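Engineer: next one to model:
(2 chains)
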Amino acid sequence: MCIVQVCAAASSAMSKKPAAQPTLHKVIMVGSGGVGKSALTLQFMYDEFVEDYEPTKADSYRKKVVLDGEEVQIDILDTAGQEDYAAIRDNYFRSGEGFLCVFSITEPESFDATQEFREQILRVKNDENIPFLLVGNKSDLGDKRRVPLDACRERAHAWQVPYVETSAKTRDNVDKVFFDLMREIRSRKSDDSRAANGNVRDKVKRRKIKCAIL
Amino acid sequence: MSDINMEKFAVPEFVPDRYVKELTKSCVGGEELSQQKEKIQTLADETASALKKNVYENYMQFIETATEISHLEAEMYKLSHLLSEQRSVLTTLSQASVLGNDNTISRESLDNHDLEAERAEEQRKNKLNLITEKVEGCMNLLDVPDRTLLHEGDLLEIDAEENTALQRMHVYLFSDSLMLTSWISNRRGPMRYKFQISYPISTLAVVNVRDLGTVKQAFKVLAFPDTRVFQCNSLAIKKDWLDKFELAKKMYIEKENSKQKKKESLEKPKSESLDSPSLSVEEIQSPQIAPLPDWLVDATEELDVLIVERHFQKTYELMVSAQKTLNSEEFKSHPQRADILKRIEQKQKVLTEILLKELDVTHNWSPRGGLRSSRHPVLILNKFNMTSQACELFLDICSHTVKAHVKAVQLEGSINSYVNQVGEVFFCSLSDALTEFITLFPKNKISAFIVWASMQLRILMSQIIKQVFTPQCALESVLESVQSLRDQCTLFCEFGLDLRFQMNSCLRTPIIKALREYKEKVVDSMKTKVSDDKWTPVNLHTKASVNKFLAQMENLGLILAKYIINETWVDLSSSTIWFAQSVLTVQKVGLQLVTKDMMDVLDECIHAVFNSRLMLSIGNDSSYAQKNFKFILDTVMPLMLRCYKEDVGYDNEKLVTLGKKFGVNVAPPKKSNITKYTSNEYL
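Structural biologist: Predicted structure coming up:
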């Protein structure tokens, strides 16, 4: 993944136009159907809450945001919760840099399903430390809560990921999950580039060729 | 009068009758007509010779082409064999897949739908072919059997990072893949698009781009590691695309599911059949029998290949080793043994047929390989106990080669050199055939060769006799030809085959005929020669011709030095000289020409010639004639008698009686006579 980033940087540096576009962070929303992935995305994107439910296939959004004083772009891929074919899902996951794994605190099945999503993401990305947030949505429906907070925290701890509860309806923690994930992605990218610092130039040079091919 | 024009003949609608009519019309008188005829005749001759020359010039090319064709034929045979094999494999495969198909519909309903399905299939293929024509460097669209086009259209590709337009694309969505093609800016010909890449549906993820800043109506195709963003002209078009992608995905999933199911259903019956009791009898037995080695199982196929590749020796070896192995204790009771043996037997039949064909001269056999080329087929046929057939065919080939070799000898120069060459060639090829025959066939077949060889000799002799024993031929030239043939025949005896008797029996009749003809000729002209004789010495005019004459006579055994008078005159009449020459020639040549069984003919000829001369001298009283008569009786007759005895070992009784009748005392040859000739000639 770092390679892709370095490569992207190299290619933008190489192109005649100056890098007009700010850094792009690719976020993927995963989770069972109806847990509120699209609602969260739309709330984050447009500050509005869509009450009507319409199953998503795969939608993408892009937005310029200021992350800790730096202008960046966030690319959100809102995936289908009802995807019945795991192999197709892999294709989506491959393109992500960070994941918001969403479940509904009112629906234990959706919480159970996060396990499966987590495993699939780790398998596809082949990376234990992939930027990842476990998100319990619909926190505004506290009275209908059926997934205990302890269980959620326990799972997040086991995965060594942050756990955040959100409400797409009240916009509670919506910005937080996206920004936290972007921060993770950003730090991850800088870690990667630092790790490769010693031979970053070489890498860039070497990648140049590959970029041309891509 | 019209000249003969070649072009007239070349016209396709040339009618000979009409042409002749026109010609005769324009001609005045028979002479002109015959002139025309002559012209046409020469034209025909010229054409014929030109044709011959052409044929000769093209001969080498023809031979080359012929061999090339035969090579090609073999190759084609190989190819067709391979193809038929492949075909059978494919049919078995398709049958297998039909049986394994889950949704096997009954044959009838299949037939009902056949026409419709066929039309749809045709349409599908046409569509794909059309695309292939349009797209430069297009992949083979027909290689996936049920690929169909779901959607196509122009899209603008957007840079995934920069949101800037990249290029115009023409995108095809097939049931199994997405093909991206770019526009060819300066296109010529039917190609409109250039193939860029094709992604299988299974690796694709399509994302509806809801918001990409300024870019509207876009969708994303994720095909790791590529991310491609396309912009549509309208929302409807984008929706169409997304729907079609969804459709493709669904079809793919369905197909995968059915595959999965098929796999499961296939696994099930297998496990069932294992414990099905009906197969138990065979199942139990087979493990006890050692499995046949791979090469043995594949032997029949391998034999086919070897036969086709014309490795006949290897074919035979494989056959023998396979039969041997199958007959060994280990496989004596193997269930497949009989089957394989039967198949090998069939292959053996095929092989022998091919080999027999190979040896068959009438079946495009080429003499260029020589006898050696037939060695392998013969040896293998021998091993199959088909010696007689092989022998027959081999001898046919030998006949062919002998004929070809003899034919190749050019008839130029004297007849004698031709006969000499033909004889040489004939006996050489005969000896070649003999050595080859001895190495190839067992001893008991040699009689067939002897019969064949004498047959060949008879054929050759009948041809040569026609050429040599022409009417009015000189006895000396006949002798030369016959002698060269006899010499070669004697040389051939060194190979262990004496054909001299056969040769002499062939020569017997023509020799007798030639001798008798010669005798008739001499006897016929005797009368005129004697009656025309002026009974004076002969003037030879020059010293040189005298010497020549003396040498000639000495060659025949007569030393006439004392008959030379006044340097250039011979003291004998012309008829006497002629007679001496004739009769001495008859005896000298005849003795070498005839064999013992023809002695009576020779005796008869000598007697007749001599007798006719002696009878003519009666009543001729001129003193010079008497002197010549005396020369004949006193010098020629004893010389002949002596030579005869020296040659054959006994007296020529007939001539002795004749001599006695005319008062010649021959019994003890006079000593004075010995000096008159040299007997060395006859030793």
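Engineer: taking chain A, what residue is nearest to chain B?
Structural biologist: Using C-beta to the nearest C-beta, the single residue of chain A nearest to chain B is residue A:91, 3.3 Å away. Quick note: C-beta positions are derived from backbone N, CA and C, even for glycine.
Engineer: up against chain A, what does the stretch 101-250 of chain B have?
Structural biologist: Contact residues, the stretch 101-250 of chain B versus chain A (C-beta under 8 Å from any C-beta of the partner chain): B:161-163, B:202-213, B:220, B:222-227, B:242, B:246, B:249.
Engineer: what do you get for chain B?
Structural biologist: So far as C-beta under 8 Å from any C-beta goes, chain B lies against chain A at B:161-163, B:202-213, B:220, B:222-227, B:242, B:246, B:249, B:253, B:256.
Engineer: mind checking which of these are in strands?
Structural biologist: B:205-211, B:220, B:222-223, B:226-227 (DSSP state E).
Engineer: now list the buried members of these.
Structural biologist: Among these, the ones that count as buried by 16 or more other C-beta atoms under 10 Å in any protein chain shown are B:205-211, B:220, B:222-223, B:227.
Engineer: what is the most widely separated pair among those?
Structural biologist: B:211 and B:223 (21.8 Å; C-beta to C-beta).
Engineer: related to what we said a few turns ago, and of the ones in strands among the residues of chain B next to chain A, the nearest to residue B:359?
Structural biologist: Once C-beta to C-beta is applied, the member of these that ends up nearest residue B:359 is residue B:223, at 66.1 Å.
Engineer: which residues in chain B form strands?
Structural biologist: Going by DSSP E, chain B shows strands at B:135-136, B:149-158, B:165-174, B:177-183, B:193-200, B:205-211, B:218-223, B:226-231, B:538-539, B:564-565, B:569-570.
Engineer: quick one, strands of chain A?
Structural biologist: So, for chain A - with DSSP E - the strands run A:23-31, A:58-67, A:70-79, A:98-104, A:132-137, A:163-165.
Engineer: just put the ones you listed in TSV and tack on distance to residue B:612, mean neighbour count and mean pLDDT.
Structural biologist: As requested, the strands of chain A are exported to TSV (distance: least, C-beta to C-beta, whole Å; neighbours: other C-beta atoms under 10 Å in any protein chain shown; pLDDT from 0 to 100):
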stretch	distance to residue B:612	mean neighbour count	mean pLDDT
strand A:23-31	136	24	92
strand A:58-67	133	19	90
strand A:70-79	136	21	92
strand A:98-104	139	27	95
strand A:132-137	141	28	94
strand A:163-165	151	19	94
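Engineer: so can I have JSON lines of those showing distance to chain B?
Structural biologist: As requested, those are exported to JSON lines (distance: least, C-beta to the nearest C-beta, whole Å):
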{"stretch": "strand A:23-31", "distance to chain B": "6"}
{"stretch": "strand A:58-67", "distance to chain B": "4"}
{"stretch": "strand A:70-79", "distance to chain B": "6"}
{"stretch": "strand A:98-104", "distance to chain B": "15"}
{"stretch": "strand A:132-137", "distance to chain B": "19"}
{"stretch": "strand A:163-165", "distance to chain B": "24"}
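Engineer: average model confidence for stretch B:31-46?
Structural biologist: Mean pLDDT, computed over stretch B:31-46, is 86.
Engineer: just the buried residues of it, please?
Structural biologist: Result for stretch B:31-46 [16+ other C-beta under 10 Å]: buried residues residue B:36.
Engineer: coming back round to it: closest to chain A out of the ones in strands among the residues of chain B next to chain A?
Structural biologist: Using C-beta to the nearest C-beta, these come closest to chain A at residue B:205, 3.3 Å.
Engineer: what's the distance between the closest one and residue A:90?
Structural biologist: Residue B:205 sits at a distance of 8 Å from residue A:90 (criterion: C-beta to C-beta, to the nearest Å).
Engineer: now do residue B:566
Structural biologist: For residue B:566 relative to residue A:90 (C-beta to C-beta), the value is 136 Å.
Engineer: for the stretch 251-400 of chain B, which spans come out with low pLDDT?
Structural biologist: B:266-290, B:362-371 (pLDDT under 70).
Engineer: what about the longest helix in the chain?
Structural biologist: As the question left the chain open, I've gone with chain A. helix A:174-195 (DSSP state H).
Engineer: the chain in question should be chain B.
Structural biologist: helix B:29-100.
Engineer: that one - contacts with which helices or strands?
Structural biologist: helix B:299-308 (3 or more C-beta pairs under 8 Å, 6 or more residues apart in numbering or on different chains; DSSP states H and E).
Engineer: how does chain B divide into domains?
Structural biologist: B:2-57, B:115-262, B:367-498, B:525-661 (automatic domain parsing).
Engineer: of these, which is nearest residue A:196?
Structural biologist: That would be domain B:115-262 among the domains of chain B, by C-beta to C-beta, at 18.3 Å.
Engineer: picking that back up, generate TSV for the buried ones among the ones in strands among the residues of chain B next to chain A, with distance to residue B:425 as supplementary columns.
Structural biologist: Output for these, formatted as TSV (distance: C-beta to C-beta, whole Å):
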residue	distance to residue B:425
B:205	87
B:206	87
B:207	91
B:208	94
B:209	94
B:210	100
B:211	101
B:220	90
B:222	86
B:223	81
B:227	87
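Engineer: want to throw these into CSV with distance to residue B:489 and pLDDT?
Structural biologist: Listed next are those as CSV, based on distance: C-beta to C-beta, whole Å; pLDDT from 0 to 100:
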residue, distance to residue B:489, pLDDT
B:205, 97, 84
B:206, 98, 86
B:207, 102, 86
B:208, 105, 87
B:209, 106, 86
B:210, 111, 83
B:211, 113, 81
B:220, 101, 87
B:222, 97, 85
B:223, 92, 82
B:227, 98, 84
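Engineer: specify which member of the residues you listed is nearest to residue B:413.
Structural biologist: For these, the nearest to residue B:413 is residue B:223 (89.0 Å; C-beta to C-beta).
Engineer: give me the neighbour count for the closest residue to the closest one other than its chain neighbours.
Structural biologist: Spatial nearest neighbour of residue B:223, chain neighbours left out: residue B:199 (4.3 Å); criterion: C-beta to C-beta, 6 or more residues apart in numbering or on different chains. Applying other C-beta atoms under 10 Å in any protein chain shown, we find 18 residues neighbouring residue B:199.
Engineer: test my guess that residue B:199 contacts residue B:177.
Structural biologist: Yes: under the criterion of C-beta atoms under 8 Å, residue B:199 makes contact with residue B:177 at 6.2 Å.
Engineer: who touches residue B:475 in this structure?
Structural biologist: Residues near residue B:475 by C-beta atoms under 8 Å, 6 or more residues apart in numbering or on different chains: B:514-515, B:518, B:585-586, B:589-590, B:593.
Engineer: and the gap between it and chain A?
Structural biologist: Counting by C-beta to the nearest C-beta, to the nearest Å, the separation of residue B:475 from chain A is 101 Å.
Engineer: what does residue B:75 give?
Structural biologist: From residue B:75 to chain A the distance is 44 Å (C-beta to the nearest C-beta).
Engineer: which residues does that residue contact?
Structural biologist: So residue B:75 contacts nothing (C-beta under 8 Å, 6+ apart).
Engineer: so, low pLDDT: which residues of the chain?
Structural biologist: As the question left the chain open, I've gone with chain A. A:1-20, A:83-84, A:197-214.
Engineer: chain B is the one I meant
Structural biologist: In chain B, residues with pLDDT under 70: B:1-6, B:96-113, B:187-190, B:266-290, B:362-371, B:618-621, B:664-683.
Engineer: share the number of residues neighbouring the nearest residue to residue B:377 once chain neighbours are set aside, please.
Structural biologist: Distances taken as C-beta to C-beta, 6+ apart place residue B:355 nearest to residue B:377, at 4.1 Å, with adjacent residues excluded. Residues near residue B:355, counting by other C-beta under 10 Å, number 26.
Engineer: right, and residue B:355 touches residue B:313 too?
Structural biologist: No: if you go by C-beta under 8 Å, residue B:355 and residue B:313 don't touch, sitting 10.9 Å apart.
Engineer: redo the strands of chain A as JSON lines? Include distance to residue B:478.
Structural biologist: Below are the strands of chain A laid out as JSON lines (distance: least, C-beta to C-beta, whole Å):
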{"stretch": "strand A:23-31", "distance to residue B:478": "114"}
{"stretch": "strand A:58-67", "distance to residue B:478": "112"}
{"stretch": "strand A:70-79", "distance to residue B:478": "114"}
{"stretch": "strand A:98-104", "distance to residue B:478": "118"}
{"stretch": "strand A:132-137", "distance to residue B:478": "120"}
{"stretch": "strand A:163-165", "distance to residue B:478": "130"}
